[in-house]
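Colleague: How does the following fold in three dimensions:
(chains A, B, C, D and E)
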Amino acid sequence: MERILIKPEVCIGCHLCEIWCVVAHSQTKDIIKAFLHEKVKASARVIVEEKLPVTFALQCRHCAEPDCVFACISGALYMDAASGRIVHDSEKCVGCYSCVLVCPYGGIIIDRENKKVIKCDLCQGLENPYCVSRCPNGALVYADPEKKGGVMDEPNV
Amino acid sequence: MNPTFDYAVIGNSAGSMGCIEMLRSLDGRGSIALISEEARHVYSRALLPYYLVGKIDLEKMYYRPPDFYEQNRVTAILGQKAVQIDPDKKEALLANQERIAYGKLLLATGGQPLIPPINGLDKKKIFTFLNMNDVLEIEKALVNSRRVVVLGGGVIGLMAAEALSKRGLKVYVIELAGRVLAPVVDEAVSQLLEALFRENGVEIITKNTIAEINGGSSVTGVVLTDGTEIPCDMLVLAMGVAPRVELASQAGLKIDRGILVNGRMETSQADIYACGDCAQVYDTVAGVSKVIPLWPNAYLGGRIAGSNMAGGGRESGWTTNMNSMHFFDLYLITAGLNVSTDESVGLVNLVRLVKEQKYYRKFILREGRIVGLILAGKISRAGIFVNLMRSRADVSPFTGDLFNEDFGYWSIPEKLRWELLKEHIILGVVDGNDRT
Amino acid sequence: MAGLALKAGLRDIFLEGSRHVSELGGYATISGSEAWIDALNLRHKELNDLLREVASQGARDITVRNVFGQRYIGTRLTTVPGSDVNLKIYGTAGNDLGAFLNGQRLTVYGNAQDGVGNTMNDGEIVVHGKAGDVAAMSMRGGKIFIRNNVGYRTAIHMKQYNDKVPVLVIGGTAQDFFGEYMAGGIVILLGLALSRDKNHNASYIGTGMHGGVIFVRGNIEKSQLGKDVGIYETDDRDLEIIRQYSGEFAQRFDLNTEDILQGHFRKILPLSKRPYGSIYAY
Amino acid sequence: MYSYLLPEFAIERKTERCIKCRVCERQCPLGGHKYDPDLDAMFSCEEVCVGCQRCAVFCPTGALCVRPHPSQYKLNFSWTREKLQDLKKQAETGGVILAGSGNDKPYKVYWDHLVLNASQVTNPSIDPLREPMELKTFLGKKPDSLEIDLSEEGFEIKSELNPNKMIELPVAFSAMSYGAISYQAFLSLAMAAREVGTLFNTGEGGLPLEMREKYGGNAVVQCASGRFGVDSEYFNCASIVEIKIGQGAKPGIGGHLPGEKVSFNVARNRMIPEGSDALSPAPQHDIYSIEDLSMLIYALKEVTNYTKPISVKIAAVNHVAAIASGIVRAGADIIAIDGIRGGTGSAPKIIRDNIGIPLELALAAVDKRLRDEGIRNKCSVIAAGGFRCSGDVLKAIALGADAVYIGTSALVAMGCTLCQKCYTGKCAWGVCTQDPYLAKRLNPEIASAKLVNMLRSWEHEIKEMLGGMGINAIESIRGNRDHLRGVGLEGWELDVLGVKGAGE
Amino acid sequence: MIGLERKSSERYLPDQGREACGLFGVMNTSGKRFPGNIAISAIKNIKVRGNGLGGGFAVYGIYPDYKDYYALHIMFENKKRDVKTTVEKYLTENFNVAYDEQIPTNPQVSLFHPPLVWRYFVTPEKKGDERNFSDDEFVVDKVMHINTSIDDAYVFSSGKNMGVFKGVGFPDEIADYFLLDKLYEGYIWTVHSRFPTNTPGWWGGAHPFSILDWTVVHNGEISSYGTNRRFLEMYGYYCTLFTDTEVMAYAVDFLMRRQGLPIEVVSKIFAPPMWDAIDQMREKEKHLNTTLRMVYGPLLLNGPFTVIVARHNEMFGITDRIRLRPITAGAKDDLVYLSSEEAAIRSVAPDLDFAWTPHGGNPVVVRMNSTDHLLSMDNSI
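Modeller: Below is the predicted model:
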């Protein structure tokens, strides 16, 4: 499946991924409205890990063996059989945070407002998630690493 | 001819779901039977307190969509208790005398509530807190209740207490040990919790238990061993669960506290597997074999069993106690040896407490590696700590950073960080040129 | 004045008239790992072609006689894989002796001219006479021992990196701009032939120096130093270094180490690693 | 000291568009933007702004505009704002004013006064999209004649040939060292050169070991006055060895990589201690004269076993033609001439802006001189210094260059905005910095792709222009001044350039 | 200097020549004459210091039979035009020509575009005001006239009992061409192997450059050329060749012949000590050096050079003050050698008594019947 792969060596720590993630999950999908006019500001589902000079964005890895799904007590987290994505059903989520406990990437984010969690949804069917398409430096790649010609085929050393 | 299934699972909760979903991912064809004494679609027992407190409705209790059995082509035999297993014939006998022949069998029978030896338990408005029926009964009884005693200050007891308190009842929690949640958290957290419950109007009574139950047909109060009398119109028994092993025992499976299984979830009998609250597994962190009655553990055990039942070769890897809890506004996460503080066996405790912020962190280290942790208050990205634990990473170079509220992969030294993340990142566009 | 009637064309000064190595067999004798070359009448490239040839054939101890200024002796040996060659040179070694040298050992029985060990990377050059200007220029590693004096700009821009520290030991004195631009390495100036009342020859010592160390035995006035360096007494660690390399020097030229160590050594060090850090407006 | 300097740029922020995302703050390495948490607002510090436009490009809402600061000294054509500011800066610091990039003074750009020819009626133009159009170029010494024998297998070349390097198009990247530019930028150049089949030039910063095997075949390695990172393996892994005598941006002076740019890896490649200044002396101290140059040329031929062309790069100055002739006679296989508009990472501004001569005149003079002396075939000529487009390239080739080096164009393609502050090491675009946080702003995959794109587009344009002239091989335009005409040039200029005026 | 008018503006003057070279000089301090093979072999040893575009020799003591006559060596570039007749007419108008002949050459040697080379042994025939001038001044003036006013003729040697032989080619080829090793013996031989970067292919451009019996061979490029030239022009020297060697020759002529300064002082003008060093000097010496710098600053020769200058009974070599160009001296019995490289000396005199490299700016002065040259060993290596 296509995943968001990260290239920390070219992540510049601009946080545009976070910003556009907010836009992607806003109501209007308009950056100015999302930040300045929407009543409830959406939250980013990507975290920029930052300890200068090292920076890189990290979000749900959509694991093939998703610990979060296994740990979810409500069935709110599940793997979409067709796409392999890890989907979070906010309606079902009770905010037990078992997923927070087990996610090895810290990729599940506590939504303090709703006392639930939120996570990367790969922008639900966009050809490229916002964080990838808006990354100014190619530090995020949306690709199937297992596929032939995928980015992992030829590590660029 | 008795119905014959390639796979049979007894139980209808996390373990069974893990098993069935794994089976179906490996074997699309094999027939599967699911036997459950409860006549309900699979639901999450862990959600009972959420239901009770009113956060979710009944619909949301269901763990999988309504068509789950059909979608997975599972023959669900619900409301039928399995009463006997014949491992030689590979048959399960149901309460209705039907025999189900199986190729491989999973016992996911779960646990049963511990009931204290007290007189008067037959009165009305005395409940356990384990399954849907319990909760539905409690809910019915709530209407006429104002005061409730919860016996047991463990996880279930406290969750029940919080839920009942939020439903407007005056709640008393009676705990035999010196503090609440004693087997799960350390003294400091117990104190935090007790204070928290008290702030929210819940009485916590420790070092005590019920000696007598007052009342006629219904409970009207309890008398504690120290003589204190607490009037109440409801009593919830929440002292914990014990593995349900009678089926296994009858079938001649080896049992200690739970059904003994190996890393492949195989019992002592061929083609019979067990997982979840009824099974006894190896805690790789504590280094002992024990029952770990936790939802994720059951589900994962089911997956491993399912894999092996379908001819795969999975073994359980890193396994230990892990818990995510919240009481009122306090979030708690524990993992591993969270209570052991015995420094004489080479354990080092790193602790930081900020009482006013209800912030607490404790890391128990052995040879620089995390073997246990408790986080209270700030639990964001706790999984990273667990990942450090799981990967047996040496954290001694950055122990100070562990207490950072925003702890993340950035806090981890570069080399270790990329080791932990390597599956999902691409390194090497620019040659590392690293200093090593 | 005359115009240009014809085009003079280009004559390759270096290669013109050079014979192919296959025609030079008469100049070399090879026997096992030893070889002898008579360089009389050999052009620069011819000699180096021959050296490469005999080294390629396995010669490791090579003696070259009648050297009259042929350049780059030893340089091409770096292109012979694994050539661990000892070269004895009789005569006057030409410019750029051992330029870019990379591990071979050259010993000159006579004087050397300019550019000894130019940008040398590794190996050893021993000169049983004097050396001309810019000896050890940009030297990066290995050792050079000069028995007598050296010319201008010796050790200019010598460098070092980690444990790769070039060493230059000079038995005599040096001319101006000694250690100019020096960025690393160890230079020892022994002044063995200086009379007690005479200063070393050089002025502008260590101008622009920003790394490495120069040890000087014998008299030197402060006015002989460049403005970027200071002169200091040596400590025990310095003396250890001096003892070691003076010992190696003495051994190469059959001298007595203790006699050398009798003298008073001082050291010249840069005042700053960044002599020009403050001359720019950012 | 309190600074009396006026800010150079004004930063305008449309507050109604600003979402306080702080991208600008993070992108400005100079601290040009600050977030105030008390007021929940962004503020600018204009006095540090160098006008690199990073913030404006990165602002996700287009809220920023960075433009020349409107505050003005009284307009004065002699005492310009730049002169006043420099004076004040010198008064405050006592230092030599530094500058980066190339000369920005309004010297005549002769490319803009030369026009190219096209076929009309009397011969057909060629359609380069469908018919072959050849740009392959050889760099190196060519023999006066070939001795060819006929054997049973056919013709056989008897002559011993000098090494030549063939490149796919006559545009190569000029010397920019790792150290002056970031590793990422350096690698990008190497990657692009490899992809396109041309050359990149290491400058005098060494060639990192891990790049040698993969990129050595496209590398011109420099042997310059500092001799940094120079050893026999460095020479032998490369394609061409270049002796750097001079640089157009700073003829006659040395270089100075300040210690703060000598990072661990730069130090490793240059083989000097981390944090120490890397001083490149003004001259090569083993070259004080033309016969010394000859000595070094042959030293390099010796160390490479006569397998690599040796190039000599000089700055265009007075007498450049005579110097070039001498260089050829000294044995060089290639001469690179860098004109007054050549770029640099750092040069005293007074040098950059006042020394040297325009490349166009130098190139024309050199080509003519070498032809007059009958030795033009003995070397290739690479022109460098201020090539901005393929038109410049083709005009240079028509004047007589074999190929050109591009530096600034390549940097701009990678992101450089010519703010000219390369010497500060705080390049916001990650090009000219060793700060790892800034350097990774340049993703070599993206930057090399951009470089490749740029070269490909130039390649197409050159083919279009050639096709228009009815020429389908680059060698037919080389030195073909008949296809050039001058516009707006004086007689002496036309004479030096060796071209006719338009209409003639 | 008489009657030389200035030419048009700076812009139309040709560029200064830029060149570098190999040098060699040898003198017998007892005056004993010897053949050319020493100089020829030595310069051959450093062949790579030249590029075949110029070589030449100056030899002193070669015309004992005409030792009182100015020996004019003249090249005629264009053999077709009757320039030789023009020149000879001019010579007979101004000189008594005692003897003339074509300088013998070796027909076996093929060189680039050789001119016709003729020599004339002459004494001045001064008329009118010209009698106020010395013979030397008179000769210089007439030589200048030929060189500047008669196209395609060039006087390249004008001293007594000495001669310059030069042309386009390597010096050993020039020696072969003029049969120097067979026909001549002298007590000083200086030789030059040229590496020009311009003016290719002109025989007159080769070195040595000479005026009267001064000869100069030079290696390097004088960055102060424009300053030096314009200063000399102010004193009536008109530079026709646009080489720094020519400037050097005129400067030597100006300072030594016309102003009568000894070479030891002239060297302090050409290559003055640094102010740092002057500051350290004792008062008298400081005063001398300061004054020289003040008066003759325009004749400071800046940039890299090594020069070997010779006249009768004297030969000296000097480098620039920071020794950017090499020189090595050697001595064996009565023979004193100067050369760009020690190897060249060793190749003709393997067993030297002394071999030394003087300090930058410090001249090696070789004089007849003296050991002055050994003074330069002070501070040498």
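Colleague: can you list the residues of the stretch 101-250 of chain E near chain C?
Modeller: Residues of the stretch 101-250 of chain E that fall close to chain C, judged by CB under 8 Å from any CB of the partner chain: E:112-113, E:115, E:151-152, E:154, E:168, E:200-204, E:240. Just so you know, the C-beta spots here come from the backbone N, C-alpha and C atoms, and that holds for glycine as well.
Colleague: so which of the residues you listed comes closest to chain B?
Modeller: Set against chain B, the nearest of these by CB to the nearest CB is residue E:200 (49.3 Å).
Colleague: ok so, going back, buried subset of the residues of the stretch 101-250 of chain E next to chain C?
Modeller: Buried residues within those, counting neighbours by 16 or more other CB atoms under 10 Å in any protein chain shown: E:112, E:113, E:115, E:152, E:154, E:168, E:200, E:201, E:202, E:203, E:204, E:240.
Colleague: Around whichever residue of the stretch 101-250 of chain B sits closest to chain A, how many other residues sit close by?
Modeller: Scanning the stretch 101-250 of chain B for the residue nearest chain A gives residue B:159, at 10.3 Å (criterion: CB to the nearest CB). Neighbour count for residue B:159, taken as other CB atoms under 10 Å in any protein chain shown: 22.
Colleague: Give me the distance between the lengthiest helix in chain D and the centre of its chain.
Modeller: Longest helix in chain D, counting residues (DSSP state H): helix D:444-468. Centroid separation for helix D:444-468 versus its chain: 16 Å, with CA atoms, centre = their mean, to the nearest Å.
Colleague: Go through that helix and flag the buried ones.
Modeller: D:444-452, D:454-455, D:458-459, D:461-468.
Colleague: ok so, going back, flag the least confident of the buried ones among the residues of the stretch 101-250 of chain E next to chain C.
Modeller: Confidence by pLDDT is poorest for residue E:200 among those, given 56.
Colleague: And the pLDDT at residue D:154?
Modeller: pLDDT for residue D:154: 85.
Colleague: thinking again about what came up before, number of residues surrounding the nearest residue to the residue of the stretch 101-250 of chain B closest to chain A once chain neighbours are set aside?
Modeller: Once flanking residues are discounted, residue B:159 sits nearest to residue B:49: 4.0 Å by CB to CB, 6 or more residues apart in numbering or on different chains. Per other CB under 10 Å, the neighbour tally for residue B:49 reads 23.
Colleague: now residue B:262
Modeller: Neighbours of residue B:262 using other CB under 10 Å come to 14.
Colleague: residue contacts, it?
Modeller: Residue B:262 makes no contacts at all, as judged by CB atoms under 8 Å, 6 or more residues apart in numbering or on different chains.
Colleague: now it, what's its secondary structure?
Modeller: What DSSP: H, G, I helix; E, B strand; the rest coil gives for residue B:262 is coil.
Colleague: That one and chain D, how far apart?
Modeller: 48 Å (CB to the nearest CB, to the nearest Å).
Colleague: And the pLDDT at that residue?
Modeller: 94.
Colleague: Tell me which entries of the residues of the stretch 101-250 of chain E next to chain C lie within strands.
Modeller: Judged by DSSP state E, strands contain the following of those: residue E:154.
Colleague: Buried ones in stretch B:405-425, by neighbour count?
Modeller: Applying a neighbour-count criterion of 16+ other CB under 10 Å, one finds B:407-412, B:416-418, B:420-421, B:424-425 buried in stretch B:405-425.
Colleague: and what of stretch B:3-23?
Modeller: Buried residues in stretch B:3-23 (16+ other CB under 10 Å): B:5-23.
Colleague: Also stretch B:236-246?
Modeller: So stretch B:236-246, judged by 16+ other CB under 10 Å, has buried residues B:236, B:237, B:238, B:239, B:240, B:241, B:242, B:243, B:244, B:245.
Colleague: Can you list the residue ranges for helices in the stretch 201-350 of chain B?
Modeller: B:246-251, B:295-309 (DSSP state H, counting those that start in this stretch).
Colleague: and if you look at the stretch 401-504 of chain D?
Modeller: Using DSSP H, counting those that start in this stretch, helices in the stretch 401-504 of chain D cover D:408-414, D:436-439, D:444-468, D:491-497.
Colleague: Chain C now?
Modeller: C:44-56, C:236-253, C:257-261.
Colleague: anything in the first one near chain D?
Modeller: Yes. Judged by CB under 8 Å from any CB, helix C:44-56 comes into contact with chain D at C:44, C:45, C:48, C:52.
Colleague: Looking at those, which is nearest chain D?
Modeller: residue C:48 (5.9 Å).
Colleague: Near chain D, which residues of the stretch 51-200 of chain C are found?
Modeller: Close to chain D, as judged by CB under 8 Å from any CB, the stretch 51-200 of chain C has residues C:52, C:71-72, C:75-76, C:78-79, C:95-96, C:99-100, C:102, C:114-115, C:118-119, C:121, C:134, C:137-138, C:140, C:153, C:156-157, C:159-161, C:164, C:180-181, C:183-184.
Colleague: My read is that residue D:23 contacts residue D:61, right?
Modeller: No. With contact defined as CB atoms under 8 Å, residue D:23 does not reach residue D:61; the gap is 9.4 Å.
Colleague: Could you check which of the two has the larger neighbour count?
Modeller: residue D:23 (24 against 18).
Colleague: how about stretch C:18-25: buried residues?
Modeller: So for stretch C:18-25, counting by 16+ other CB under 10 Å, buried means C:18, C:21, C:24.
Colleague: and of the residues you listed, the nearest to residue B:167?
Modeller: Nearest to residue B:167 among those: residue C:21, at 102.4 Å, using CB to CB.
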